[in-house]
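S.K.: what follows is a predicted structure for the sequence shown.
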Amino acid sequence: MAGAPIAAAPAAATAAAQFPQPQRDYILACGGCHGLNGVSNSSLVPSLKGLVGYYLYLPEGRAYLPRLPNVAFSTLSDEQLAAVLNYMVFDIGAGSAPAGTHPYRAAEVGKWRRQPLTEVTLSEYRQRMVEILIDRYHAPAALRGYSASSGQ
């Protein structure tokens, strides 16, 4: 019996190694709340799947993602965090970003994360952007999910 956990460890390490580093970082830093594939209980946490890229239609939306406190205060480096944000936008949020959207760069992420959104009510700030995205850019109403279900 004592040998079973040791035998299982290499298989688990091999399975984890099959994911690209940004996906592993996302799973460890974000997946617990937002779901492994970006699908969460949207009444508690915004779902990201097919939606997160819509924020990049707005300059303040592009800045919003790295300024979120749980993102800004992450222990990941600027390079790692840029890779995670790009994984979220272009893989989890596939098809939701505007055509021609350029990936986040480490310097950009570093700039925004040093200005975390701590001075606003996040739910209200997010809701204002979501309404603009739905009205102006025809984002799906599902983007509203968290705001609507949280009463904000």
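M.R.: Looks like it arrived, so ask away.

S.K.: Leu65 contacts Val52, correct?
M.R.: Yes. Counting by C-beta atoms under 8 Å, Leu65 does reach Val52; the two are 7.4 Å apart. Placement of C-beta: from N, CA and C, glycine included.

S.K.: report pLDDT for the residue sitting nearest the centre point of the chain.
M.R.: Nearest to the geometric centre of the chain sits Met88, at 5.0 Å (C-alpha atoms, centre = their mean). pLDDT for Met88: 98.

S.K.: now it. Nearest residue, chain neighbours left out?
M.R.: Val52 (5.3 Å; C-beta to C-beta, 6 or more residues apart in numbering).

S.K.: pretty sure the one you found contacts Arg62?
M.R.: No. Counting by C-beta under 8 Å, Val52 sits too far from Arg62 to count as a contact (11.3 Å).

S.K.: the more surrounded of these two?
M.R.: Of the pair Val52 and Arg62, Val52 is the one with more neighbours under other C-beta atoms under 10 Å, namely 25 against 20.

S.K.: what sits against the more buried one?
M.R.: 38, 65, 88-89, 92-93, 96 (C-beta atoms under 8 Å, 6 or more residues apart in numbering).

S.K.: and the gap between it and Gln18?
M.R.: The spacing between Val52 and Gln18, counted by C-beta to C-beta, to the nearest Å, is 23 Å.

S.K.: one more: Thr75?
M.R.: 24 Å.

S.K.: go on, Phe90?
M.R.: From Phe90 over to Gln18 (counting by C-beta to C-beta), the distance is 19 Å.

S.K.: try Tyr87
M.R.: Using C-beta to C-beta, we find Tyr87 at a distance of 15 Å from Gln18.

S.K.: neighbour count winner among those two?
M.R.: Tyr87 (22 against 8).

S.K.: I'd say the more buried one and Gln23 touch.
M.R.: Yes. Using C-beta under 8 Å, Tyr87 makes contact with Gln23 at a distance of 5.8 Å.

S.K.: that's all I had, so thanks and see you.
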